[in-house]
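Undergrad: got a structure for you, letters missing:
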């Protein structure tokens, strides 16, 4: 019996290739990939949102925080 899982032939083993593929797919769909560099205070805020029940994960907490931002205004 073979207990080893096999990956699909299209699986890429490097994060760099996967990120580039995701960026391209999102750009083709009219969106964008957001990357954030967070410090300890930022992570504490995300963890606080989780503790308060506003989000279930740091990723969800980050999405929640972005949704709380005011809508962008158009410059004339």
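TA: Received it, and whenever you're ready, just let me know what you need. Everything numeric in this text was worked out from a predicted model, so none of it was measured.
Undergrad: And for residue 65, the neighbour number?
TA: 16 (other C-beta atoms under 10 Å). In short, each C-beta sits where N, CA and C put it, glycine included.
Undergrad: C-terminal to the longest helix seen in the chain, what's the next element?
TA: Criterion DSSP state H: the longest helix present in the chain is helix 15-28. Sequence order places helix 40-51 as the next helix or strand after helix 15-28, per DSSP states H and E.
Undergrad: show me where pLDDT drops low in the chain?
TA: 1-5, 7, 11-12, 76 (pLDDT under 70).
Undergrad: any idea which element the spatially most central residue of it lies in?
TA: Geometric centre of the chain, nearest residue: residue 59, 5.9 Å, by C-alpha atoms, centre = their mean. Taking DSSP H and E as the criterion, residue 59 maps to helix 58-67.
Undergrad: on contacts alone, who are the packing partners of that helix?
TA: helix 40-51 (3 or more C-beta pairs under 8 Å, 6 or more residues apart in numbering; DSSP states H and E).
Undergrad: Can you tell me what sits against the helix it packs on?
TA: 36, 38, 55-58, 60-62, 64-65 (C-beta atoms under 8 Å, 6 or more residues apart in numbering).
Undergrad: who touches the helix holding residue 59?
TA: Taking C-beta under 8 Å, 6+ apart as the rule, helix 58-67 contacts 34, 36, 43, 45-47, 49-50, 54-55.
Undergrad: In PyMOL, select just the buried ones from those residues.
TA: Selecting the buried subset of the contacts of helix 58-67 in PyMOL, with 16 or more other C-beta atoms under 10 Å as the burial test, is done by:
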select buried, resi 46+49+50+55
